[in-house]
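**Q** Okay, predicted coordinates and the sequence, questions at the end:
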Amino acid sequence: MKQIRKAVFPVAGLGTRFLPATKAMPKEMLPVVDRPLIQHVVDEARQAGIEHFIFVTGRNKGVIEDHFDRQFELEMTLRERQRSKDLELLAKDLPGAGSTSFTRQQEPLGLGHAVWCARELIGDEPFALLLPDVLVKHPRGCLAQMIDAAQGLDRANVIAVEEVPMERIHSYGVVGVGETKGPLFKVTDMVEKPAREKAPSNLIITGRYILQPEIFGILASQSRGAGGEIQLTDAMIALAKTQAFYGLKFAGESFDCGSKIGFLAANVAYALERPDLAQALRAELKRLIADKP
Ligand code: G1P
């Protein structure tokens, strides 16, 4: 497989589930401990060797662009105050000059449409897609595991999957499981947000994809699927008729930060791994839980 150099981050969603926090601030900027959600996901992409970061934004999302730029006034003040640790941290997170692109999804027409908006920036090469609602906590990250597993495959698509309890299945895209091929398995079916009885398995699409550029030709037809939206899953079903589609049960723990419980759990889990926070947080959590009935 050709090297995966570019990654798409769809960040145009309204974030209504987190109102009023997201009234003026993009949901992707909500912090998990002290890094915005989108920064965690960009970190995962960088770790997997991604060189170009493409953000599909919308109205009121300008702060995301600012976040991945330099902040001269802040840097100057930090320098005057000799806060070299903070300066180092900012420098480490800054993407290289020219390695980010921003385009806008003008209308909220669905994930498939958001991805299609990146077609000119991707061009004719396979790319990664990372949904910033989902965090995967693993030393190697999820995308790197997918890229490793896809080595040696030609023009293949790979999606990360994980098991969820059947009562949550209707919130996700669900895959059918075929024969295994090394660490991967062949995806035989994909259904977006199925009723429990219609779900082909208990394996959901987790929000990490490696896709071939032919997906754009299919998305161009702009046909509507579940919820009246242009669904990426429908385009993937069409692409699977002509190209290989594989699933990877990745290692690591995922957090659906599109839900409040997932977001809160992510904050606790990430903080418990921080040497500067773990001990004090553990004590505080114990106290809080003991006080409650
Ligand atoms: C999207 C995808 C779905 C996937 C999910 C993962 O749904 O359409 O297939 O399982 O992300 O979080 P959304 O959460 O945008 O409704």
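**A** That came through, no problem. These numbers were taken from a predicted model, which means no experiment stands behind them.

**Q** in stretch 61-70, what counts as buried?
**A** Neighbour counts over stretch 61-70 (16 or more other C-beta atoms under 10 Å) mark K61, I64, H67, F68 as buried. In short, each C-beta sits where N, CA and C put it, glycine included.

**Q** And for stretch 225-241?
**A** For stretch 225-241, by 16+ other C-beta under 10 Å, it's 225, 229-240.

**Q** next one: stretch 275-291
**A** L281.

**Q** For the protein, what lies in contact range of the ligand?
**A** Neighbours of the ligand within the chain, by C-beta under 6 Å from any ligand atom: 111, 131, 133-134, 172-173, 192, 204-207, 232-233, 256, 258.

**Q** one more time with 5 Å
**A** Contact residues, the chain versus the ligand (C-beta under 5 Å from any ligand atom): L111, Y172, G173, I205, G207.

**Q** My guess is the first one contacts P10. True?
**A** Right, the one you point to is L111. Yes: with contact defined as C-beta atoms under 8 Å, L111 and P10 form a contacting pair (6.2 Å).

**Q** Which of those two has more residues huddled nearby?
**A** It is P10, of L111 and P10, that has more neighbours when counted by other C-beta atoms under 10 Å, with 27 against 24.

**Q** Next up, the contacts around K61.
**A** Counting by C-beta atoms under 8 Å, 6 or more residues apart in numbering, K61 touches V11, A12, P26, E28.

**Q** On the pLDDT front, check it for me.
**A** For K61, the pLDDT comes out at 92.

**Q** do you know how far it is from F55?
**A** Plainly put, K61 is 8 Å away from F55 if you go by C-beta to C-beta, to the nearest Å.

**Q** Common neighbours of those two, please.
**A** Overlap of the contact sets of K61 and F55 (by C-beta under 8 Å, 6+ apart) consists of V11.

**Q** tally of neighbours for D124?
**A** 10.

**Q** pLDDT below threshold where in the stretch 151-293 of the chain?
**A** Across the stretch 151-293 of the chain, the ranges flagged by pLDDT under 70 are 291-293.

**Q** Let me see the contact set for the nearest residue to R5 once chain neighbours are set aside.
**A** Spatial nearest neighbour of R5, excluding adjacent residues (C-beta to C-beta, 6 or more residues apart in numbering): E51 at 4.8 Å. Contacts for E51 (C-beta under 8 Å, 6+ apart) come out as R5, K6, S99.

**Q** R282 and L272 touch, don't they?
**A** Yes: under the criterion of C-beta under 8 Å, R282 makes contact with L272 at 6.8 Å.

**Q** Mind listing what's buried along stretch 209-219?
**A** Y209, I210, L211, Q212, E214, I215, F216, I218, L219.

**Q** wait, what's in contact with P108?
**A** P108 makes contact with A12, G13, L14, G58, according to C-beta under 8 Å, 6+ apart.

**Q** Only the buried subset of these, as a ChimeraX command please.
**A** In ChimeraX, this line selects whichever of the contacts of P108 come out buried by 16+ other C-beta under 10 Å:
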select :12,13,58
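
**Q** Which of the contacts of P108 scores worst on pLDDT?
**A** Where pLDDT dips furthest among the contacts of P108: L14, at 84.

**Q** Do I have it right that it meets T22?
**A** Yes: with contacts counted by C-beta under 8 Å, L14 reaches T22, the gap being 7.4 Å.

**Q** Let me see the contact set for the residue of the chain found nearest the ligand.
**A** Across the chain, no residue is closer to the ligand than G173, which sits at 2.3 Å (C-beta to the nearest ligand atom). By C-beta under 8 Å, 6+ apart, the contact list for G173 reads M190, V191, E192, K193, I204, I205, T233.

**Q** give the contact list for D234.
**A** Contacts for D234 (C-beta under 8 Å, 6+ apart) come out as G112, E192, S223, G225.

**Q** so what's the residue of the chain closest to the ligand bridging to?
**A** For G173, the beta-bridge partners are E192 (DSSP bridges).

**Q** and what of L135?
**A** Beta-bridge partners for L135, by DSSP bridges, are F255.

**Q** Hmm, A266 and it touching each other?
**A** Yes: in this structure L135 lies within contact range of A266 using C-beta under 8 Å: 5.3 Å.

**Q** list residues touching both of the two?
**A** Common contact partners of L135 and A266 (C-beta under 8 Å, 6+ apart): V32, F255, C257.

**Q** Tell me the one of those residues nearest P139?
**A** F255 (15.8 Å; C-beta to C-beta).

**Q** Count the neighbours of the closest one for me.
**A** Burial of F255 is recorded as 24 neighbouring residues (other C-beta under 10 Å).

**Q** L264 is in contact with that one, correct?
**A** No: using C-beta under 8 Å as the test, F255 is too far from L264 to be in contact (9.2 Å).
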